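Novice: Have a look; sequence and predicted model below, questions after that.
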Amino acid sequence: MIRENRSRNKLYGYYRKFVDEGIIDPNVHPWIAQSWEESRMQGISPNGGLQLKKITRENLQLRQERHRKAIDYMTSLVADVREFFRKFRLTLLLLDEDNVVIRSFAQPLYLMNSDDTIEGAKMGQEDIGTSSIAVAARHKVPFWLYGPEVWIEECQEMDTCSAPVIVGGHRRYTLTVNVNTPEVKPQEAVMAMLMMLRRALTDELNNNELIKAQEAILDATPFAVYHVMPGGQVAYTNKLGVSRLAAIDAGKPGDNAKPINLSDVVLNYHHTPIYKGFDGIPSHNKEVTWITEAKTYEDITTVVPIKDKADKNVSSVVVVSMPIEDLRTLVAHAAGYTAKYSLSSMVGEGTGFRTMQEKAARVAKNRHHILLQGESGTGKQRMAHGIHRASPRAAGPLITMRCGDTTPELLEQELFGVAVSGDVSHPGRLELALGGTLFLDEIESLPKNLAAKLAANLLRGASQRVNEDVYRPIDVRIIAACDSDLKRLTERGLFDRDLYEIVARSIIRVPPLRSRREDIPELVRHIIAEQAELHQLPVKKISEDTLKLLESYDWPGNIKQLQHVVEQAFFNTAGAVIEPSDINLMGDIQPDTKWKEDRDIFVKAWQAAGGNVSRLANMLNVSRVTLYRYLKRYGLEKN
């Protein structure tokens, strides 16, 4: 997984805090924290230097012979990207299922000045402690590990990234990239390269052993490649191209019984860049729609005319295309559309909270869409992030959309996408969430006609952009959040029933803060510790009287309001202890006389008091009679 950039100094501080004091900082990734603890229990010294445990030379030779095809294939792939590895000072290791290095494509930095070789070294957690190899092997996902997170301090000068190669449900190999100059690393590019190599190796392990070397290299790329002759006949295509053609019953190149001609199977062939390529017109990275009787595709396509050297006429064209679904997934990750919080980051010890948290962990594992129901500010967005991270879709993107932020027309375009012209068409968030999760906040604000359209698309498994007739496949899980009672809105005819029945298969009710007052002390301490860590300030204590004050308040704005109030107290308190006098329940509303002239300020104060006249009177230091007069003046109702 691509991880957000982290301060190496902070990470090293977390590392030293655990090594020296045995304390896991809450900002440490949970997988790394688990590995650190196990490394310590396994008796691996973090300060004793790297002591490689190696198998015998005979054993290594046997393993290398057994995995010869994989080694040779990776050697050919690395040769094609050697310049990329050289430019960024990357090294690549290939490990077998026992975490033994069977091939090193360059020495890691920590062995650059050594006569030793890393081939034959055992690199499991029980051998070298925490590493990206151990994390990726355990969780069966690619993982980027920053240098200060490595268990053995001597090896912390470089970042590492490991990707397991899964075949038939079992980990056959692990690919590990060592970034020897982390200060100049392009993390997204390195991860993309590693993922390409992993996909290539995975595909190669399932390929026919008789495939020619040139075909094998092309088959390993994430592109469909075609060699097209005049008239549309396909002379050659790689593996991805074969699968695309097979999906439209076009056959296979070289099959004499059924030769492939794109002009016969692609209904809009004469309007594609391929057809124009025979006029000598190249096309580069153009979004192209391919319409066939069986299916409609959308690719990013490049067409290169091949001209005869003698007469300069176009003799054929080479077509390279990438499914736009793959590109969107890559872009979504690179743009940071990932879950920021886990379910364990939600704080609380009360029975109601624990029950809710355990239910969220359970429903995260199933395939149902989910409805989160609760008042504004209760933490539904954080829970959506946690559910996505705990779900089988965690490797996919998490796309968020607020349904009440824009006009119905723009909302439809943002959700479903829109075709601006015949050549320009933009995907919506429903498509961008392919393979992942779409979080629809304030779903009750979704217009009924758009809700009905969304329900139909989810049932169909395909979506249609505005101004287009083409349906594109979708694969997405909906997590919807609602501040009100969505069932009641549906029964009153204010919300689409079909969409309600889809998202309400699993309902999680997030309780308001006033019903879980026992969690307020822990929440307050967590907020203070979080701010202290974020801003590198000393942690402040909070007095028992202050906690009693906070526990007695109804918190109409729930956790979001509590966080705002506590953060203000943290920054505005001069001493080391936050007392009741440091607490301003009105947040950024000051108890001056501006509310007498400004309705917006009065309304904010009214909301901060939870609509309670007595509480508001104390907050503003006025009589109840005065408040009644202003309530009437501003058209507000009293409790």
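Specialist: Happy to help now that I have it.
Novice: Longest strand in this structure, please.
Specialist: Longest strand of the chain, by residue count under DSSP state E: strand 296-307.
Novice: Off-centre distance for that strand?
Specialist: 29 Å (CA atoms, centre = their mean, to the nearest Å).
Novice: Begin at 777, not 1, for the rest of this chat.
Specialist: Understood, numbering begins at 777; the last thing we discussed is strand 1072-1083.
Novice: contacts for whatever helix or strand comes next after that strand?
Specialist: Next helix or strand after strand 1072-1083 toward the C-terminus (DSSP states H and E): strand 1090-1099. When contacts are defined by CB atoms under 8 Å, 6 or more residues apart in numbering, strand 1090-1099 is touched by residues 998-1006, 1011, 1050, 1053-1056, 1064, 1073-1084. For glycine as for every other residue, the C-beta is placed from the backbone atoms N, C-alpha and C.
Novice: mind running it again at 7 Å?
Specialist: Identification of contacts with strand 1090-1099 by CB atoms under 7 Å, 6 or more residues apart in numbering yields 998-1005, 1050, 1053-1054, 1056, 1075-1084.
Novice: now swap in stretch 1254-1268 and tell me
Specialist: 1145-1149, 1151-1152, 1156-1157, 1160, 1163, 1213-1220, 1271, 1273, 1276, 1279.
Novice: got any ranges where the stretch 877-1026 of the chain has weak pLDDT?
Specialist: 882-892, 958-961, 982-990, 1025-1026 (pLDDT under 70).
Novice: Tell me where it has strands.
Specialist: With DSSP state E, counting those that start in this stretch as the criterion, the stretch 877-1026 of the chain has strands at 877-880, 897-898, 919-921, 935-943, 946-955, 1000-1004, 1010-1013.
Novice: hang on, the earlier thing: return a ChimeraX selection command for the buried portion of the contacts of strand 1090-1099.
Specialist: Command for ChimeraX, covering only those of these found buried under the criterion 16 or more other CB atoms under 10 Å:
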select :998,999,1000,1001,1002,1003,1004,1005,1050,1053,1054,1075,1076,1077,1078,1079,1081
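Novice: Next secondary structure after the least confident helix or strand in the chain by mean pLDDT?
Specialist: In the chain, the helix or strand scored least confidently by mean pLDDT, DSSP states H and E is helix 1100-1110, which has a mean of 62. For helix 1100-1110, the succeeding helix or strand toward the C-terminus, using DSSP H and E, is helix 1127-1141.
Novice: Okay, buried residues for that following helix please.
Specialist: In terms of neighbour count (16+ other CB under 10 Å), helix 1127-1141 has its buried residues at 1129, 1132-1133, 1136, 1139-1140.
Novice: Would you mind writing the CA trace of it as PDB?
Specialist: Extracted as PDB, the C-alpha positions of helix 1127-1141 are listed here (Å, rounded to 0.1, in the frame of the first residue of the first chain):
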ATOM      1  CA  THR A1127     -20.700  -1.000  26.500                       C
ATOM      2  CA  GLY A1128     -22.700   0.700  23.800                       C
ATOM      3  CA  PHE A1129     -19.600   2.000  22.000                       C
ATOM      4  CA  ARG A1130     -17.900  -1.400  22.200                       C
ATOM      5  CA  THR A1131     -21.000  -3.100  20.800                       C
ATOM      6  CA  MET A1132     -21.100  -0.700  17.900                       C
ATOM      7  CA  GLN A1133     -17.400  -1.100  17.200                       C
ATOM      8  CA  GLU A1134     -17.600  -4.900  17.200                       C
ATOM      9  CA  LYS A1135     -20.600  -4.800  14.800                       C
ATOM     10  CA  ALA A1136     -18.600  -2.500  12.500                       C
ATOM     11  CA  ALA A1137     -15.700  -5.000  12.400                       C
ATOM     12  CA  ARG A1138     -18.100  -7.800  11.600                       C
ATOM     13  CA  VAL A1139     -20.000  -6.100   8.800                       C
ATOM     14  CA  ALA A1140     -16.800  -4.800   7.300                       C
ATOM     15  CA  LYS A1141     -16.000  -8.400   6.300                       C
END
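Novice: In terms of secondary structure, what does the longest strand of the chain contact?
Specialist: If contacts are counted by 3 or more CB pairs under 7 Å, 6 or more residues apart in numbering; DSSP states H and E, strand 1072-1083 sits against helix 1049-1053, strand 1059-1067, strand 1090-1099, helix 1100-1110.
Novice: Which residues does the first one contact?
Specialist: Residues lying outside helix 1049-1053 but in contact with it, judged by CB under 7 Å, 6+ apart, are 1004, 1038, 1045, 1059, 1062, 1064, 1077, 1079, 1081, 1093, 1095.
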